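Trainee: based on what follows, work out the 3D shape:
(2 chains)
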There are 2 protein chains.
Amino acid sequence: MSEKIAIVGSGLIGRSWAVLFARGGYRVVLYDVKEELMTQAMGVIETQLRSLHESNLLLGKDPAECFSRVSTCDSLSSTVEGAILLQECVPEDLGLKRKVFTELDSMVSDTTILSSSTSCIVPSKFTESLSHRANCIVCHPVNPPHYCPAVEVIPAPWTSGHVKEKTISIMKQIGMKPVVAKKECDGFILNRLQYAVLQESWRLVEDGVCDPEDIDTVMTGGLGLRWSFIGPFETIHLNAPGGVRDYCERYSDGIVRVSNTFGEPRPLTGETLVKVTEYLEGDVPMEKHKDNLEWRDGVLKQLAVFKQSMPDKP
Amino acid sequence: MSEKIAIVGSGLIGRSWAVLFARGGYRVVLYDVKEELMTQAMGVIETQLRSLHESNLLLGKDPAECFSRVSTCDSLSSTVEGAILLQECVPEDLGLKRKVFTELDSMVSDTTILSSSTSCIVPSKFTESLSHRANCIVCHPVNPPHYCPAVEVIPAPWTSGHVKEKTISIMKQIGMKPVVAKKECDGFILNRLQYAVLQESWRLVEDGVCDPEDIDTVMTGGLGLRWSFIGPFETIHLNAPGGVRDYCERYSDGIVRVSNTFGEPRPLTGETLVKVTEYLEGDVPMEKHKDNLEWRDGVLKQLAVFKQSMPDKP
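Mentor: Down below sits the predicted model:
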């Protein structure tokens, strides 16, 4: 019998995790306080498994067999019982995370890993006083997780080495690419990079250097193309004939000089927000927001297929 | 007879520009001080035109017909004569740019646009004293330009409105996506965003939060996938149910809080450079650097083809 994964919360992220764990060969039990959400979730999970299979993204598994290993449960304690890992997917609110983790702490065995999907709350903030705090960790996926393999693994200061290693191994087993923080850091890693770009984008628009659409064009027609398959470090390594040392020797001074002009963080409000909103709602009107989300996920799926067929590095 | 474009400098960037302008229907005359470089360049240009045609990236043109419009010339004044735009592609050195622009200034007619390919020198630094300074502008492409359509257009304070408009229109004509700066800005736009990411990546590694490979994974398995077809602003617009206003209301405070912890710019040197180099030279050893560059360009080409067939936004 396959090992059991418990998922607490059957919203967008909970469903995606269910798909991923089922694809990885695990039994998945999904819990939510609302029965109808779980019924809905099961439909979505079945569809997603089939869709991944059709695109050859199900790691060679059979979608019906994967789906047969997914079930729902309306008792939290039964959901948790015997699980090797529990993935918490409740809304992003510190008070709620604390409440849920305290409740779970009283139910789980000493061997269950308590993993949170939080995108920005460091695990020490809601696990410090728990008796199973050594079992607590964060696994923050990128949306949508079934097409974006990166997952941030953030241990608390008291997370055991064994729990960290076991979590990384489970993430790899389900086809994800874990990025492991060696210590807690506000914003984790992904959002720190995203915020660095957002802040500089905001300043360029606010200071009248360019229009909001120019920011998006420079990314989708330039930087983002390379970054979709080689990261920022590999990009600079390939951008100088002598590799990264050559690049840093040539450009470090210029990079520091330019970076010194970045200036203070800006709140994402005011006139600039009006300007950015005008551009975005012109490009993607709110009545087409949902359709555009589906379009985004469709393209990400095609990109995932594309990357699978990409030639290996020499 | 097609309008004429002059290209000064037949290195990597000069060749790419020749391909792009030929694709756009222009006559292209290529100049270099070294005869053998031009001969080499002609071979590369012919091959690239054919390769673009095979991938359906030649805007429906015939490669032989495009190539027939490209020629070389060993006299700078003849190269420049009658050109509607001159694209300067000499090495990135302020003294050299000044020298070349001063020479060109004495040769060109009042209607020729003097466009520089510089990636980081603002045009006012090498055009101020020229009699044709109103005709000077920067068109900075992304490498490799035939697969990355973004091009930064940076006018000097004295660039005429007509020259700016005409340059934008020529860039669109050759299939590029111009991003126009409204004023000069150190690092332009693309590199400011790139440096923001590089600086925060460097700090995360230097401060022991993660390893260099984690930075690349979080980009290629997450952020970069989205950014290859939706920019930073469109990404956040789609990442909150109520669009960009909703996103900014929810996250602005958190983004400012996290951004306040970014800290000072760091020089790209020292122990961290050793660590980053170790990772990169393990992943892409210097003896395979050239092969990996070719691999990168091959993938970018496939991505360009992929994006052409991508479904339109709803």
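Trainee: I figured A:Trp295 hits B:Leu238, correct?
Mentor: No. Using CB atoms under 8 Å, A:Trp295 is not in contact with B:Leu238; the gap is 9.2 Å. Every C-beta, even on glycine, is put in place using the N, C-alpha and C of the backbone.
Trainee: residues in contact with the spatially closest residue to A:Ser55 that is not a sequence neighbour?
Mentor: What sits nearest to A:Ser55 in space, not counting adjacent residues and going by CB to CB, 6 or more residues apart in numbering or on different chains, is A:Val305, at 5.2 Å. A:Val305 makes contact with A:55-57, according to CB atoms under 8 Å, 6 or more residues apart in numbering or on different chains.
Trainee: ok, back up a step: which of A:Trp295 and B:Leu238 has more neighbours?
Mentor: B:Leu238 (23 against 20; other CB atoms under 10 Å in any protein chain shown).
Trainee: wait, isn't the more buried one in contact with A:Lys288?
Mentor: No. At 10.8 Å, B:Leu238 does not count as touching A:Lys288 under the criterion of CB under 8 Å.
Trainee: for the residue in the stretch 1-150 of chain A that chain B sits nearest to, report the pLDDT, please.
Mentor: In the stretch 1-150 of chain A, no residue comes nearer to chain B than A:Ala150, which is 3.2 Å away by CB to the nearest CB. Predicted confidence (pLDDT) for A:Ala150: 98.
Trainee: do the same with the one 5 residues further on
Mentor: With respect to pLDDT, A:Pro155 has a value of 98.
Trainee: just A:Ser109 next, same as before
Mentor: Residue-level pLDDT assigned to A:Ser109 equals 95.
Trainee: how near is it to A:Met1?
Mentor: 17 Å (CB to CB, to the nearest Å).
Trainee: which stretches of the stretch 201-314 of chain A have low pLDDT?
Mentor: For the stretch 201-314 of chain A, applying pLDDT under 70 flags no range at all.
Trainee: would you map the helices across it?
Mentor: Along the stretch 201-314 of chain A, counting by DSSP state H, counting those that start in this stretch, helices occupy A:212-218, A:224-227, A:232-238, A:243-259, A:270-283, A:289-309.
Trainee: over to the stretch 1-150 of chain A?
Mentor: Going by DSSP H, counting those that start in this stretch, the stretch 1-150 of chain A shows helices at A:12-23, A:35-54, A:63-68, A:76-80, A:94-105, A:124-127.
Trainee: buried ones in the shortest one, by neighbour count?
Mentor: Same thing as helix A:124-127. A:124, A:126-127 (16 or more other CB atoms under 10 Å in any protein chain shown).
Trainee: show me what that helix is packed up against.
Mentor: helix A:94-105 (3 or more CB pairs under 8 Å, 6 or more residues apart in numbering or on different chains; DSSP states H and E).
Trainee: and the helix it packs on, how far out from the chain middle?
Mentor: 21 Å (CA atoms, centre = their mean, to the nearest Å).
Trainee: can you check stretch A:290-298 too?
Mentor: Worked out by CA atoms, centre = their mean, stretch A:290-298 lies 17 Å from the chain centre.
Trainee: ok, it near chain B or not?
Mentor: Yes. Using CB under 8 Å from any CB of the partner chain, stretch A:290-298 reaches chain B at A:291-296, A:298.
Trainee: quick one: buried ones out of those?
Mentor: A:292-293, A:295-296.
Trainee: just the closest of the residues you listed to A:Leu76, please.
Mentor: Using CB to CB, A:Leu293 is the member of those that lies nearest A:Leu76, at 30.4 Å.
Trainee: my guess is the closest one contacts B:Ala240. True?
Mentor: No. In this structure, A:Leu293 is not within contact of B:Ala240 by CB under 8 Å, at 10.7 Å.
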